[in-house]
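Participant: okay, sequence plus prediction incoming.
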Amino acid sequence: MKRKTVDASRAGGMRLPAGVERATPKYSDIGEATVVDLSADGLPYLPVLGEAHYTKVGSDPELHVHPGMVEILLCRRGRGLTIDCGDRVHPFPTGTVMVLQPEVPHVIRPKPKNLSTTWVWFRLPEGGAPLPGFSRQETRWLVDGLRSLPVRFPASKELVLDFRRVWNVYRNVPRRSPERKLLLREAVLRLFIDVFDASRAGGREEDDARLGALLDRVRRDCAREWTLEELSSLAAMSVPKLTDRVRQRTGLPPHQFLLLCRIEKAKELLAGPDRSIGAVANLVGIASARHFSTLFKRETGKTPRQWRAAFRASGLLRNGSAVSR
């Protein structure tokens, strides 16, 4: 992929990394894509409403950002799609919504000929200024909601219809009619409200699935030196959110959950073929045998040697009881 550095002066004051472009609105209707500006309809905070229906394979585009814009992108049709965000690639199947914040580089890959998408850009107000037709509190509610949306979630049926409704009003209500701006504003507000509703319904399910897979991975690889930052990146959650969700799921904060996984793995090893305490400690990611023994006793009430002896004694007792019967 071609790499280039974009000067900050060309990116609205935002310094971009190598290989990332600044994308600006291009208003056109060329068969493949339609992009329109809703500013003239009293919605200056929506400089882009777009839709694309690819009839041929698209070229490999550059990673790009939209400084000052939040993009809400719906996949209506397409197979094998992903959104490449530079450091993370997200699956983008049909019926999925992606929310791309101003600072997040992104690009759809690939661009198959059956791809169909629709999207809207929301221009964030500068300096806390209220949006036209909104109070400061209403503006803050809308902006805070958009800025805190999850990266990806399933679209609801209502949300799919909302995009169609916005386009229907734009195309079918006469430009000079008195109701056009009112109908567009109502359709757009309905769209954002249903975005929030769909994100709460679908985002939680996706978060739960992703967190469950991550916890299983930690259990399998408990000897690894996991960091909160690494875990939060893999879970696509902030560190505070990850900590809360792990605590809700397991009853423990992440570092304590990792320790519990190590102790449980140590029990398996102690119950198996003879290994030194130091070897068991190393196999569960604890460098010092003494530190391992201290942690193990704190969690189980016994030192590793005491636990091993008690385990083997209980096995002998069970076998003896079985023989006597």
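Facilitator: Perfect, I can see it now.

Participant: ramachandran coordinates for Thr96?
Facilitator: phi -110, psi 140 (degrees, to the nearest 10).

Participant: gap between it and Leu258?
Facilitator: Separation of Thr96 from Leu258 (CB to CB, to the nearest Å): 32 Å. For glycine as for every other residue, the C-beta is placed from the backbone atoms N, C-alpha and C.

Participant: over to His66?
Facilitator: Distance from His66 to Leu258, by CB to CB: 38 Å.

Participant: between those two, which is the more surrounded one?
Facilitator: His66 (25 against 22; other CB atoms under 10 Å).

Participant: strands of this protein, residue ranges please.
Facilitator: 20-22, 28-29, 33-36, 48-53, 63-65, 69-77, 82-84, 89-91, 96-100, 107-109, 116-123, 152-154 (DSSP state E).

Participant: mind putting the ones you listed in a markdown table, mean pLDDT and distance to Thr227 included?
Facilitator: Below are those laid out as a markdown table (pLDDT from 0 to 100; distance: least, CB to CB, whole Å):
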| stretch | mean pLDDT | distance to Thr227 |
| --- | --- | --- |
| strand 20-22 | 71 | 26 |
| strand 28-29 | 56 | 46 |
| strand 33-36 | 90 | 42 |
| strand 48-53 | 92 | 38 |
| strand 63-65 | 86 | 26 |
| strand 69-77 | 94 | 29 |
| strand 82-84 | 89 | 24 |
| strand 89-91 | 87 | 21 |
| strand 96-100 | 93 | 26 |
| strand 107-109 | 85 | 28 |
| strand 116-123 | 94 | 33 |
| strand 152-154 | 88 | 24 |
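
Participant: any idea which of the ones you listed is most buried?
Facilitator: strand 96-100 (a mean of 23; mean count of other CB atoms under 10 Å).

Participant: what strands line up against that one, and which way round?
Facilitator: strand 69-77 (antiparallel), strand 152-154 (antiparallel) (DSSP bridges).

Participant: compute the inter-axis angle for that strand and strand 116-123.
Facilitator: 30 degrees (axes from the mean of the first three to the mean of the last three CA atoms, to 10 degrees).

Participant: what sits up against strand 96-100?
Facilitator: 66, 70-75, 83, 85, 90, 92, 106, 146, 149-155, 159, 195, 198-199 (CB atoms under 8 Å, 6 or more residues apart in numbering).
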